[in-house]
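# sequence and predicted structure below; questions after.
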Amino acid sequence: MRPKSQTFEQLVKQNRQELLQDQKSINQIEMRLEKKQAKLVLAKQKALSNNNIG
């Protein structure tokens, strides 16, 4: 069975919506990555400060 044909405008609208959703997903991934990196930096700083004390 053939899929329903879409007009050019419908395809553009669909692609735009998909791109916006992709951008939201990318932003969420970037935020999670930044949080993980910040935690690692804090852990390293804490470890270094503990080593300097002892």
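Thanks, I have the structure now. These numbers were taken from a predicted model, which means no experiment stands behind them. Residues are numbered from 1 along each chain as shown.

# show me what the strand or helix carrying Asp22 is packed against.
Following DSSP states H and E, the helix or strand that holds Asp22 is helix 8-53. Of the remaining helices and strands, none touches helix 8-53 by 3 or more C-beta pairs under 8 Å, 6 or more residues apart in numbering; DSSP states H and E. Every residue, glycine included, has its C-beta placed from N, CA and C.

# centre of the chain to that helix, how far?
With C-alpha atoms, centre = their mean, to the nearest Å as the basis, helix 8-53 stands 4 Å off its chain's centre.

# now do it, average pLDDT.
Mean pLDDT, helix 8-53: 95.

# burial check on Asp22, number of neighbours?
Residues contacting Asp22 under the criterion other C-beta atoms under 10 Å number 10.

# next one: Lys36
Around Lys36 there are 10 residues (other C-beta under 10 Å).

# mind checking how far it is from Ile29?
11 Å (C-beta to C-beta, to the nearest Å).

# check Lys44 too.
Taking C-beta to C-beta, one finds Lys44 at 23 Å from Ile29.
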